[in-house]
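Asker: Predicted model and sequence follow; I will ask about them next.
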Amino acid sequence: MAAPSAPRGRNGVNVMRTTTDELAAGPRTDGLPRGFLWGCSTAAYQIEGSTGADGRGTSIWDSFARRPGAVLGGMNADLACDSYRRWKEDVALLRTLGVDAYRFSIAWPRIQPTGSGSPNAAGLDWYRRLADALLEAGIEPAATLYHWDLPQPLEDAGGWPERDTAYRFADYAELVMRALGDRIKTWFSLNEPWCSSHLGYALGIHAPGRKDRSAAYRAVHHLLLAHGLAVRSCRAAAPGARIGIVINPSTPRPATRRPQDLMASSRAADERTALWLDPLYGRPYPERHLAAYPGIEMPIREGDMAIIAEKTDFLGINYYSEEAVEAVPADPGHPEGFRVAPSWREQTEMDWDIVPEGLGRQALYIAGRWPVEAIYVTENGGAFPDRAGADGRVRDRDRIGYMESHIASLAGAAARGAPVKGYFAWSLLDNFEWSHGYSKRFGLVAVDSATGERRPKDSFWFYRDLVAGFGS
Ligand code: FCB
């Protein structure tokens, strides 16, 4: 290969010409494909507030937040970021940010207050207005159909462990896509179903707060069935639209190169990765994982696996962290033979290890094992202490460093062939972080909890420059 030409600079010194990418603001994004999509994500319950407005019904998170001890300090999202009323300010911020797409979620209880039946026109209208304003601003609306806010009446009837919930979701999804599919062309069926099943039904730290592992696995199957049915609905109700699911996978990271740790780490990825991707891509549920939990039975009926494997257009992955795991000898407390190894990593305020290289590793791991069409990183970001200076400016260098390093890792994976097509920052606004209430802040924009006033942090301007610089 010929050496790059080294023209003489004005002072006679040999200089290498700078490339356009080097001149563009922001970190290195070399390797990311042309047309790469930059976005920002939020979720309805975490930002909207106005939980009683315009006929909205109650969700499992409204109920859970009222249970003593469920959410830090008894906080709830009745106000959240007040985005239901201040959405025009949010769209203006997104326009300033210059993102290509905005991923928000549609609150099922606003559309069907009891979880079934005819739609609430006021709810649909609100999302129609939001989508129109985004389109008007040149931003692609990308909607999640389910980001954890199940209508309470459906939980009262048994929730996700019940098969009927999948069919209720299919009806809801079809109705929404019929009503909004003319303007919203990108759909995400479910957000992180592992959190719904495992945090919601096995560990009880998310709504509805149940602790029953076998119910959690029935929920796994019905969530996947709901997704597959929604894909079918999408093809029928919104021709030309694209749909995929969003999962929060984990990647095997052995604490050491000892063979037993290598094996342990591969098993550690079963619950959050193979349990979902195997059936989504036409394989049976991972047997070794299910076998570790006696008494668990997947309530599979004829035809279910084909519905679950209905072809999607892309896969969304949310990435925040990665854990190193090590082998443990036979121990009923660790039925799959592994545990998380002690961490020496720097962590975010969530106590999540900061492992930027894990993002690229995850994209390559998934692309190498499942026939994914395209991968979007649908969430990535960090919670940091964020103290405003005397001038009111939030100099959140730690968040900028986090994003910079993760995007560079993603670009590295793209350069090695991972089909990554976009990146969505979590999150536009500081918001209601589930069981942590408002104590953990992920926003590019600070929200004053008393006044609702929005104030961009330094990371907002960093991201704006990155988005503007890429490809210029
Ligand atoms: C993800 C959720 C999202 C947000 C981030 C921090 O698991 O999808 O709503 O809470 O974590």
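Answerer: Received it, and whenever you're ready, just let me know what you need. If you're wondering where the values come from, they're calculated on a predicted model, not measured in any experiment.
Asker: Which residues are in contact with H221?
Answerer: Applying Cβ atoms under 8 Å, 6 or more residues apart in numbering, we find H221 in contact with 298-300, 304. The C-beta positions use only the backbone N, C-alpha and C, and glycine is treated the same way.
Asker: Is it possible to mark the buried ones in those residues?
Answerer: Among those, the ones that count as buried by 16 or more other Cβ atoms under 10 Å are 298, 304.
Asker: Mind checking which of the contacts of H221 land in strands?
Answerer: Residues of the contacts of H221 located in strands (DSSP state E): none.
Asker: Would you mind giving the contacts of H221 as a markdown table with distance to the ligand added?
Answerer: Formatted as a markdown table, the contacts of H221 follow (distance: Cβ to the nearest ligand atom, whole Å):
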| residue | distance to the ligand |
| --- | --- |
| M298 | 24 |
| P299 | 26 |
| I300 | 27 |
| D304 | 26 |
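Asker: for the ligand, what are the nearby residues on the stretch 301-450 of the chain?
Answerer: By Cβ under 6 Å from any ligand atom, the part of the stretch 301-450 of the chain that sits against the ligand consists of 318, 379, 426, 433-434, 442.
Asker: Recalculate using a threshold of 8 Å.
Answerer: Applying Cβ under 8 Å from any ligand atom, one finds that the stretch 301-450 of the chain approaches the ligand through 318, 320, 350, 379, 381, 383, 426-427, 431, 433-434, 440, 442.
Asker: In JSON lines: the residues you listed, plus secondary structure, neighbour count and pLDDT.
Answerer: JSON lines is the format used below for these (DSSP: H, G, I helix; E, B strand; the rest coil; neighbours: other Cβ atoms under 10 Å; pLDDT from 0 to 100):
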{"residue": "N318", "secondary structure": "strand", "neighbour count": "20", "pLDDT": "98"}
{"residue": "Y320", "secondary structure": "coil", "neighbour count": "22", "pLDDT": "98"}
{"residue": "M350", "secondary structure": "coil", "neighbour count": "15", "pLDDT": "98"}
{"residue": "E379", "secondary structure": "strand", "neighbour count": "26", "pLDDT": "99"}
{"residue": "G381", "secondary structure": "coil", "neighbour count": "24", "pLDDT": "98"}
{"residue": "A383", "secondary structure": "coil", "neighbour count": "25", "pLDDT": "98"}
{"residue": "W426", "secondary structure": "strand", "neighbour count": "24", "pLDDT": "98"}
{"residue": "S427", "secondary structure": "coil", "neighbour count": "24", "pLDDT": "98"}
{"residue": "N431", "secondary structure": "coil", "neighbour count": "25", "pLDDT": "98"}
{"residue": "E433", "secondary structure": "coil", "neighbour count": "21", "pLDDT": "98"}
{"residue": "W434", "secondary structure": "helix", "neighbour count": "23", "pLDDT": "98"}
{"residue": "K440", "secondary structure": "coil", "neighbour count": "19", "pLDDT": "98"}
{"residue": "F442", "secondary structure": "coil", "neighbour count": "27", "pLDDT": "98"}
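Asker: Tell me where the stretch 301-450 of the chain has strands.
Answerer: Ranges of strands in the stretch 301-450 of the chain, per DSSP state E, counting those that start in this stretch, are 314-318, 325-327, 338-340, 375-379, 420-426, 445-447.
Asker: Output those as TSV; include the columns distance to E48.
Answerer: Shown next, in TSV, are the strands of the stretch 301-450 of the chain (distance: least, Cβ to Cβ, whole Å):
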stretch	distance to E48
strand 314-318	20
strand 325-327	37
strand 338-340	34
strand 375-379	18
strand 420-426	16
strand 445-447	13
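Asker: circling back: and of the residues of the stretch 301-450 of the chain next to the ligand, the nearest to Y285?
Answerer: Among those, N318 lies closest to Y285 (Cβ to Cβ), at 21.6 Å.
Asker: Noted, bye for now.
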